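Colleague: Kindly return the folded structure for what I paste below:
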Amino acid sequence: MTPPQEGPLSHIRVLDLSRILAAPWAGQTLADLGADVIKVERPGAGDDTRGWGPPYLLDAHGRETRESAYYLAANRGKRSITLSLDRPEAQQVVRELAMRSDIVLENYRAGTLARYGLDARSLRELNPRLIYCSVTGFGQTGPRRDQPAYDFLIQAMGGLMSVTGERDGRPGGGPQKVGVPIVDLMTGMYTTVAVLAALARRSETGLGETIDIGMLDVQVATLSNQAMNYLISGRVPARNGNAHPNIQPQDVYACADGDVILVVGNDGQFAKLCEVLELDDLAQDERFALNAQRVRNITQLAPILRECFMRWHRQDLIHALDAAGVPCGPINSIADVFEDPQVQAREMLRRVPHPCGVNVPQVASPMRFGGEALPSRTAPPQLGAHSDAILAELGYNSHRVASLHAKGVVA
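Modeller: As a prediction, this is how the structure comes out:
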């Protein structure tokens, strides 16, 4: 059955008091699913990421707009209202919006919004069905609760950089951050999961929830197999370049005309690899027949594979291994990704009309319902583009709206 065009969360309203990336990513995900997401921003400046450029979106005349690529990555499908939260009139607008909302997202430092009466306790007294989610660097408790945090810092503190990058003593060795703000993105996804779980519970109890998401907690959780490697063995995992710590062979291998990624996930795939490479004896060799043996003896196996790979042209090897069911592929640039036939077939690049007169590119949501992609609704909003309309929905007449503008409460 084809899902409705408005999306499965079209009955949900989200009040998004957040900025930067982690919580806005959750807001965008909810918007992709059809929720009405109202983004509250600072008058004049807006979300910090609006200025995180270049590059900036160019309008129909080739002039730079105020929308950076970074901002455009995380805010589609939302409506923007500008409010000076230090003003009582603005705080009242937020309260009225919260009374009409299902979810609040915020990522202020712990205790900040309590000074304005906009904390979870205060808003949930007004709306007991409200799901209030705080996203911070370190959570609402603990010795670091008051400290700010960014993705880079949490990648370092949370152990990710200790297992990312080439190992010490090799060219380029040393800790590396991941090439995208992965902690922010994973925090956004955990936030989305948490608020959807709270929505499901609310359908049973009629009551909302208060949710506390800390970026450091998220990073510790996503240490995943590396955390368990340490907890089970007592050995601290180290950087190992592109080689997998538990499954081999998985690494970058050089062909005659470029590099490929080889991902052997089980013993059967290893046997097929050996068949393609005409190295059948390796599949029976007691040093390499089973994965555990290959992991222990990878220093002996890898040189054999590397010598063999150098006799192949990259595309020929990829085709041969594809046909054999052995995962192997190129290392694509970002440009290459959007030229990939599979990515194009899945329509992962969309273009959405923007008020500045151009179609802004957007990377589509990967979620599909009933075999259909989620619709691309609206471009990331210009700063304060919906302020007057949102206030009108709250019952503010034109005279009252004009007064708020005159006072600088709304811009």
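
Colleague: Please state the backbone phi and psi of the residue nearest to Gly139 when sequence neighbours are not counted?
Modeller: Nearest residue to Gly139 in three dimensions, chain neighbours excluded: Gly214, at 3.0 Å (Cβ to Cβ, 6 or more residues apart in numbering). C-beta: built from backbone N, CA, C; applies to glycine. Backbone torsions for Gly214, taken as degrees, to the nearest 10, come to phi -110, psi 130.

Colleague: Mind listing the residues bridging to Gly214?
Modeller: Counting by DSSP bridges, Gly214 forms beta bridges with Thr136.

Colleague: what number of residues lie near it?
Modeller: Using other Cβ atoms under 10 Å, Gly214 has 24 other residues around it.

Colleague: That one reaches Ser134, doesn't it?
Modeller: No. With contact defined as Cβ atoms under 8 Å, Gly214 does not count as touching Ser134 (9.1 Å).

Colleague: Contacts only, for the residue nearest to Gly139.
Modeller: Thr136, Gly137, Phe138, Gly139, Gln140 (Cβ atoms under 8 Å, 6 or more residues apart in numbering).

Colleague: How many residues are close by the closest residue in space to Ala98 that isn't next to it in sequence?
Modeller: In this structure, Ala98 finds its nearest non-sequential neighbour in Leu123, 4.5 Å apart by Cβ to Cβ, 6+ apart. Around Leu123 sit 24 other residues, with neighbours defined as other Cβ under 10 Å.

Colleague: Isn't Leu123 up against Arg95?
Modeller: Yes. Judged on Cβ under 8 Å, Leu123 makes contact with Arg95 at a distance of 6.9 Å.

Colleague: quick one on the thing from earlier: between Gly214 and Ser134, what contacts are shared?
Modeller: Joint contacts of Gly214 and Ser134 (Cβ under 8 Å, 6+ apart) are Gln140.

Colleague: For stretch 387-396, which outside residues touch it?
Modeller: 38, 79-82, 93, 96-97, 100, 400-401, 404, 410-411.

Colleague: Make a markdown table from these and add pLDDT and neighbour count to it.
Modeller: Listed next are the contacts of stretch 387-396 as a markdown table, based on pLDDT from 0 to 100; neighbours: other Cβ atoms under 10 Å:
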| residue | pLDDT | neighbour count |
| --- | --- | --- |
| Ile38 | 98 | 23 |
| Arg79 | 98 | 20 |
| Ser80 | 98 | 22 |
| Ile81 | 98 | 26 |
| Thr82 | 98 | 23 |
| Val93 | 98 | 23 |
| Glu96 | 98 | 17 |
| Leu97 | 98 | 22 |
| Arg100 | 98 | 14 |
| Arg400 | 96 | 14 |
| Val401 | 97 | 19 |
| Leu404 | 96 | 21 |
| Val410 | 95 | 25 |
| Ala411 | 85 | 18 |
